[in-house]
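# kindly generate the corresponding structure for this input.
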Amino acid sequence: MLDESGIIVLEGRHIIVMAILVLYLGRFLKSKSDFLRQNNIPASVIGGVICSVFVSILIGFNLIRLDFDMYLRNVLLLVFFSSIGLTSKFKSLIHGGKELVIFVIACALFLIVQNAVGIVLAKLLGQPPILGLFAGSISFAGGHGTAVGWGETANEMGVLKAAELGMACATFGLILGGLLGGPVASRLIKKNGLSGEDCYESVNQQVEEPESRPRKYITIDDVIGSLLAFGLCLALGDFVNQFFSHRDIPLPGFLTAMLVGLLISNVAAPMKVIKLRKNVIEIIGGVCLQLFLCMSLMSMNLIALADSALLLLVVATVQVIAIVLFGTHIVFRMMGKDYDAAVMVSGFIGMGLGATPVAIASMDAVSTRHGPSFKALLVVPLVGAFFIDIINAATITGFLRLPFMGQ
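Numbering: from 1, shown residues only. Next comes the predicted model:
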């Protein structure tokens, strides 16, 4: 679609088709590379990064003017998180309660480390200390929105272009988070001889299944019933979100959608009010996750990173070393040094460098090859959806109150 200024805007069916082609590209390249397969790098990340490089080159040489309408991408994210809620049981949440608290503590500790590393780098490079926060948790753990929000604070303190640096770091982190999580988890699994074969039974992650036919047999009624459940998650989740928003309690939309799905799975399904098929829900949720990541990565404008490429390379290298060491030596041990812990490390890296969906994609890639880890797929999204932003805001505020930050 061509707008009045001559920019091609991809939206609706166009962006869906492009995302699917990008996903196929990633799968093709992964099937031809032993390195990509063995290190559990998601196909959506492979295809999305390659597409973003290609598109950035076209834009950089003024061969094309392109923009992406991300409304559909945001809907796909809501549907994916709804699928997590619809395939979860309260028993699983109670079982993982201890791990949730420990993982929150681990993330809180790392946010302090991440900001300390950023500040040290800023000092060594002769930059204001506050710029180190933008080379730390503001951009990497916080993402693009957090970088823009705190950019105004930096401007008030006389530090210009902090938001631009934050946006560049967030973009770079999104790529690195998707590329590193899987390989690090694979190394931990291989080194410690771990297996995920028995995790499914240990977590009791079941949804009501009709007993009159095989589990893998899917009917039209199964799909329609699942679509109804997803629709309820999105509609009621939006209602809950607005309810709290009007009371100055902002919640991310995907968190409320997931919570509604959890209620449907544990209250409505057992009462036979609605019938859920786990395999249908997982397929729909998996498709939405893959397309969401493809859309997010393929739409990145890498030209914006060119002006600060050297600084980004230094920052990213040090932060990657910090998160890998912290994940493998501290998070892995804190979470129990078992298979679930290894999968959580992949999510921890994806979330600490990029975003929650990247973390989930990395864990999904590891689980697909080595076995399911429903504990990880419950704990990490909950922390990423709610706790991480609160802890990050408190950590950043605490650092800003330090005496040397005004220098």
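# count the residues that sit near the closest residue to Gly48 other than its chain neighbours.
Spatial nearest neighbour of Gly48, excluding adjacent residues (Cβ to Cβ, 6 or more residues apart in numbering): Leu297 at 2.6 Å. In this view, the C-beta of every residue, glycine as well, is placed from N, C-alpha and C. Neighbour count for Leu297, taken as other Cβ atoms under 10 Å: 27.
# helices and strands around whatever helix or strand Leu297 lives in, which ones?
Per DSSP states H and E: Leu297 is located in helix 278-298. Using 3 or more Cβ pairs under 8 Å, 6 or more residues apart in numbering; DSSP states H and E, the elements in contact with helix 278-298 are helix 12-31, helix 43-60, helix 71-86, helix 162-192, helix 220-245, helix 356-370.
# how far off centre is stretch 327-347?
17 Å (Cα atoms, centre = their mean, to the nearest Å).
# quick one: mean pLDDT over the helix holding Leu297.
Averaged across helix 278-298, the pLDDT comes to 87.
# ok, stretch 65-85 next?
83.
# list the buried residues of that stretch.
Going by neighbour count (16 or more other Cβ atoms under 10 Å), the buried part of stretch 65-85 is 68, 70, 72-73, 76-85.
# and these, which is closest to Asp338?
Checking these against Asp338 by Cβ to Cβ gives Ile84 as the nearest, at 21.3 Å.
# does the closest one touch Pro381 like I think?
Yes: in this structure, Ile84 is within contact of Pro381 by Cβ atoms under 8 Å, at 5.8 Å.
# overlap in contacts of the two?
Met258 (Cβ atoms under 8 Å, 6 or more residues apart in numbering).
# in this protein, where is pLDDT below threshold?
For the chain, the stretches with pLDDT under 70 are 1-6, 92-96, 145, 197-216, 250-252, 304-308, 385-386, 406-407.
# would you mind finding the most buried of the helices and strands packed on helix 278-298?
helix 356-370 (a mean of 26; mean count of other Cβ atoms under 10 Å).
# and that one, what does it pack onto?
With contacts taken as 3+ Cβ pairs under 8 Å, 6+ apart, helix 356-370 sits against helix 43-60, helix 71-86, helix 162-192, helix 278-298, helix 339-353, helix 374-382.
# distance to Gly151 added to those, as JSON lines?
Conversion of the helices and strands packed on helix 356-370 to JSON lines gives the following (distance: least, Cβ to Cβ, whole Å):
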{"stretch": "helix 43-60", "distance to Gly151": "23"}
{"stretch": "helix 71-86", "distance to Gly151": "22"}
{"stretch": "helix 162-192", "distance to Gly151": "3"}
{"stretch": "helix 278-298", "distance to Gly151": "21"}
{"stretch": "helix 339-353", "distance to Gly151": "20"}
{"stretch": "helix 374-382", "distance to Gly151": "27"}
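# Asn241: which of those helices is closest?
Here helix 71-86 is closest among the helices and strands packed on helix 356-370 (Cβ to Cβ), at 10.2 Å.
# what angle sits between the closest one and helix 220-245?
Orientation check (axes from the mean of the first three to the mean of the last three Cα atoms, to 10 degrees): helix 71-86 against helix 220-245 gives 100 degrees.
# use 642 as the first number from now on
Sure, I'll start numbering at 642, so the last one becomes helix 712-727.
# what angle separates helix 712-727 from helix 919-939?
140 degrees.
# kindly export helix 712-727 (C-alpha atoms) in PDB.
C-alpha atoms of helix 712-727 as PDB (Å, rounded to 0.1, in the frame of the first residue of the first chain):
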ATOM      1  CA  TYR A 712      -1.100  -3.600  14.800                       C
ATOM      2  CA  LEU A 713      -1.500  -7.200  13.700                       C
ATOM      3  CA  ARG A 714       1.800  -8.000  15.400                       C
ATOM      4  CA  ASN A 715       0.500  -6.800  18.700                       C
ATOM      5  CA  VAL A 716      -2.600  -8.900  18.400                       C
ATOM      6  CA  LEU A 717      -0.500 -12.000  17.700                       C
ATOM      7  CA  LEU A 718       1.400 -11.300  20.900                       C
ATOM      8  CA  LEU A 719      -1.900 -11.300  22.900                       C
ATOM      9  CA  VAL A 720      -3.000 -14.500  21.300                       C
ATOM     10  CA  PHE A 721       0.300 -16.200  22.100                       C
ATOM     11  CA  PHE A 722       0.200 -15.300  25.800                       C
ATOM     12  CA  SER A 723      -3.400 -16.300  25.900                       C
ATOM     13  CA  SER A 724      -2.300 -19.800  24.800                       C
ATOM     14  CA  ILE A 725       0.000 -20.000  27.800                       C
ATOM     15  CA  GLY A 726      -2.800 -19.200  30.200                       C
ATOM     16  CA  LEU A 727      -5.200 -21.700  28.400                       C
END
